[in-house]
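1. got a predicted model here, sequence first, then my questions.
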Amino acid sequence: MLAMAVTKKGNLETPQNRAAACRYIALVVRRGNITRPIKNLAALQAIVRPIWEQPDMVLTASAAGLAMGAMALSSAMSDEDVGALADQAVAMAAANGAQAVGGMACLHTLISSVRSRIDDDVIGRAAAAVRAVLPSCGTDRLTALWALRMAALLVTVDPALVGKPEPVQALLKRVEVSDDLMMSTAAAVVANFSKAHPALAEGLQAGKYSESSVWAEVGGFELEFEDEYSSASIVY
């Protein structure tokens with residue numbers, strides 16, 4: 001049904017529609033915690049993988065990355081396949097532009113959802129890619145968004161993975177109060193750093209960043225809901 005829902009009536013004709021279809025897949029699989037075999041997994045991957053590997057814009061890259069990572073929850077994917085996906089995501093995260101965003105989005109879902117299926121070596125290489133991206137994000141909003149999200153996740157795995165906090169601090173200082181999605185992500189970064197390694201949290205301007213309205217509804221920071229809520233009003 002997932003494959004039918006995202007492919008009918010020209011749902012993949014525009015980048016925005018492709019991103020919406022990928023977000024839908026990620027949301028259904030992740031929030032439904034679908035760990036059982038997905039019968040149409042191959043069909044879903046055939047839809048999402050080309051969007052992920054050759055994104056036409058950063059928006060589709062991040063959404064497709066989330067969907068690719070979410071499908072690893074299903075037992076229909078072997079550990080070998082999950083490992084290959086993780087390796088590809090690391091390589092993409094170490095690239096430039098939209099591919100880097102797609103790689104980080106996929107890695108975020110893999111590490112947060114199927115940590116037991118991801119080798120420590122992969123996480124180490126993912127962290128190295130993120131450390132390289134953090135100082136070079138510039139003004140690219142979605143690259144900065146996903147680099148911060150990865151840093152917030154990695155610090156809960158092992159604070160040493162994040163390295164020096166200065167690149168994170170520099171990105172947080174550029175967050176605009178009017179940007180609800182970035183403000184919410186920044187609040188999650190500060191919360192995770194403060195809990196996992198208080199020393200690293202010094203200088204992160206705790207208290208400056210506000211939780212989004214979605215937090216109260218779902219009981220915490222859930223990036224799929226954050227992105228879905230913001231997709232209609234945020235210009236990517």
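-> Yep, it's here.

2. tell me which element the nearest residue to residue 89 once chain neighbours are set aside is part of?
-> When the adjacent residues along the chain are set aside, residue 89 lies closest to residue 106, with 4.0 Å between them (CB to CB, 6 or more residues apart in numbering). The way it works is simple: take the backbone N, C-alpha and C, and place the C-beta from them, glycine included. According to DSSP states H and E, residue 106 maps onto helix 97-113.

3. tell me how far that helix lies from the chain's centre.
-> Using CA atoms, centre = their mean, to the nearest Å, we find the averaged C-alpha position of helix 97-113 to lie 5 Å away from the chain's own average C-alpha position.

4. this protein: helices as residue ranges?
-> Secondary structure of the chain (DSSP state H): helices at 2-7, 15-31, 41-53, 58-70, 79-93, 97-113, 120-133, 141-157, 166-173, 180-196, 198-201, 213-218, 223-230.

5. that older thread, quick one: mean pLDDT over the helix holding residue 106.
-> This predicted structure assigns helix 97-113 an average pLDDT of 94.

6. please apply the same query to stretch 43-62.
-> The predicted model gives stretch 43-62 an average pLDDT of 91.

7. residues of it that come out buried?
-> Neighbour counts using 16 or more other CB atoms under 10 Å place 44-45, 47-49, 51-52, 55, 57-62 of stretch 43-62 among the buried residues.

8. what do you get for stretch 115-130?
-> For stretch 115-130, by 16+ other CB under 10 Å, it's 117-118, 122-123, 125-127, 129-130.

9. contacts for that stretch next, please.
-> Defining contact as CB atoms under 8 Å, 6 or more residues apart in numbering, one finds that stretch 115-130 is touched by 72, 79, 82-83, 86-87, 89-90, 93-94, 100, 103-104, 107, 110-111, 147, 150-151, 154, 157, 161-163.

10. state the distance from the residue most central in space within the chain to residue 83.
-> Centrality entry for the chain: nearest residue to the mean C-alpha point is residue 105, 2.9 Å, by CA atoms, centre = their mean. Residue 105 sits at a distance of 18 Å from residue 83 (criterion: CB to CB, to the nearest Å).
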